[in-house]
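sequence below, structure please.
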Amino acid sequence: MRNSSLLAFAFVAPAMLVLLLILGWPLVSAVILSFQDVRYVGTEPHWVGFANYIKVLSGSKLLSSIGLSLIWVVANAVLQTMLALAAALALNERFRGAKVARTWIILTWIVPTVVVVMIWRWLFSTSGGMINPLLIQMGIIDRPIGFFASPAGAFATLVFINSWRWFPFITLMLLAGMTRIPGDLYEAARIDGANAWKRFTRITWPLLKPTLGVLAVIGTLLSFNVFDIIWLLTAGGPANGTRTMPVLIYETAFKGYRLSEAATVSVIATILLLAFALITARALDREEN
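You can find the predicted model right below:
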């Protein structure tokens, strides 16, 4: 038994060493940088201790970005889960073209971010876009509106765009979970007279909970770290209404030329995400046990 454990460790050790170098060293470097005073690359570092943490934690920008990041994560989680669950339930049914639909739904996920941004910026444009004329024809609005003109509107629009891009990934994960549910359970439920809603609430939803738990962790980590879509569409505006923590880190480092403060915010973000992952992992273990 001991020899088997040593052999397993020998096979895993090279991969763990590479992972430690790729992830561990940048993290350690960021922690060291957060205790120094470095404004931009190439300047001589000076040790300042916890001065950066005191400055960052006492400012209003960090609390505001944390709040926006939490709202961003929750809003994306709710919308993505709703879209993915509806799509997965539809694709799980047997119909002509189901295999093609399951293949093509992943298209929005593999499209490059720059292309996604260009498409949606044009669609939501007040001059030449398609969304405003469509809403006017449907009678929902009487004149074009600027989706990125206000902080709340820009934030909601970004949540929609990001959810549109990422929900196919969650759909595929849910489909994989649904394929593991025995079909005999549904047949027995139909024989007992259970309708579609009862089959979903009594069979599908309970058996999908482990998959949803894992997706909650992965989705939260991915959504929290989204930077490209936000920066390319709003750059954190208007009026800092979409300045989440990744955007704040970028602004502090490359627009404010304060690398040490940016590293401090990065360390704080890492601690928050690590705490969330540990708490969620323990909660999932308790449910399984």
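
roughly how far does Tyr40 sit from Phe254?
Look at Tyr40 and Phe254: by CB to CB, to the nearest Å, they are 9 Å apart. For glycine as for every other residue, the C-beta is placed from the backbone atoms N, C-alpha and C.

over to Pro112?
22 Å.

confidence score at the spatially most central residue of the chain?
By CA atoms, centre = their mean, the mean C-alpha position of the chain lies nearest to Ser223, the distance being 1.6 Å. Listed pLDDT for Ser223 reads 89.

excluding chain neighbours, what is closest to it?
Residue nearest to Ser223 in three dimensions, not counting chain neighbours: Asn76, with 4.4 Å by CB to CB, 6 or more residues apart in numbering.

average pLDDT across the helix or strand harbouring that neighbour?
Using DSSP states H and E, Asn76 falls within helix 60-91. For helix 60-91, the mean pLDDT works out to 90.

how far is it from where the chain is centred?
7 Å (CA atoms, centre = their mean, to the nearest Å).

after it, which helix or strand is next?
helix 98-104.

tell me what that next one is packed against?
Packing contacts for helix 98-104, counted by 3 or more CB pairs under 8 Å, 6 or more residues apart in numbering; DSSP states H and E, involve helix 60-91.

residues of the helix it packs on that come out buried?
If you call a residue buried by 16 or more other CB atoms under 10 Å, then helix 60-91 has these buried ones: 61-62, 64-66, 68-69, 72-73, 75-77, 79-81, 83-85, 87-89, 91.

so where do the helices sit in the stretch 101-250 of the chain?
107-110, 113-123, 131-137, 151-179, 183-191, 196-199, 205-224, 228-233, 245-250 (DSSP state H, counting those that start in this stretch).

export these to TSV and tack on distance to Ile271?
Putting the helices of the stretch 101-250 of the chain into TSV (distance: least, CB to CB, whole Å) gives the following:
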stretch	distance to Ile271
helix 107-110	29
helix 113-123	27
helix 131-137	39
helix 151-179	24
helix 183-191	42
helix 196-199	42
helix 205-224	12
helix 228-233	22
helix 245-250	12
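
Ser260 is nearest to which of those helices?
helix 245-250 (11.9 Å; CB to CB).

now do the buried residues in the helix or strand following that closest one.
Per DSSP H and E, helix 245-250 leads on to helix 259-288 as the next helix or strand towards the C-terminus. By 16+ other CB under 10 Å, the buried positions in helix 259-288 come out as 259-269, 273, 276, 280, 284.

same question for stretch 149-158.
Buried residues in stretch 149-158, defined by neighbour count with 16+ other CB under 10 Å: 151, 153-155, 157-158.

Pro112 and Phe254: which has the busier surroundings?
Taking other CB atoms under 10 Å, Pro112 and Phe254 do not tie; Phe254 has more neighbours (12 against 9).

tell me the pLDDT of the more buried one.
Per-residue pLDDT puts Phe254 at 89.

and it, how far from Ser29?
Counting by CB to CB, the separation of Phe254 from Ser29 is 17 Å.

next: Gly256.
Counting by CB to CB, the gap from Gly256 to Ser29 is 20 Å.

and Ser266, what pLDDT?
With respect to pLDDT, Ser266 scores 93.

and stretch 45-64, C-alpha only, in CSV?
Taking C-alpha atoms only, stretch 45-64 is exported to CSV below (Å, rounded to 0.1, in the frame of the first residue of the first chain):
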residue,chain,number,x,y,z
PRO,A,45,11.2,48.8,-4.5
HIS,A,46,11.0,50.1,-0.9
TRP,A,47,9.6,48.0,1.9
VAL,A,48,6.5,49.7,3.5
GLY,A,49,4.9,46.9,5.4
PHE,A,50,1.1,47.1,5.7
ALA,A,51,0.9,50.7,4.5
ASN,A,52,-0.6,49.7,1.2
TYR,A,53,-3.3,47.5,2.9
ILE,A,54,-4.2,50.4,5.3
LYS,A,55,-4.5,52.8,2.4
VAL,A,56,-6.5,50.4,0.2
LEU,A,57,-8.9,49.2,3.0
SER,A,58,-9.5,52.7,4.2
GLY,A,59,-10.5,54.0,0.7
SER,A,60,-13.9,53.9,-0.8
LYS,A,61,-12.9,52.4,-4.1
LEU,A,62,-12.2,48.9,-2.8
LEU,A,63,-15.5,48.6,-0.9
SER,A,64,-17.4,49.9,-4.0
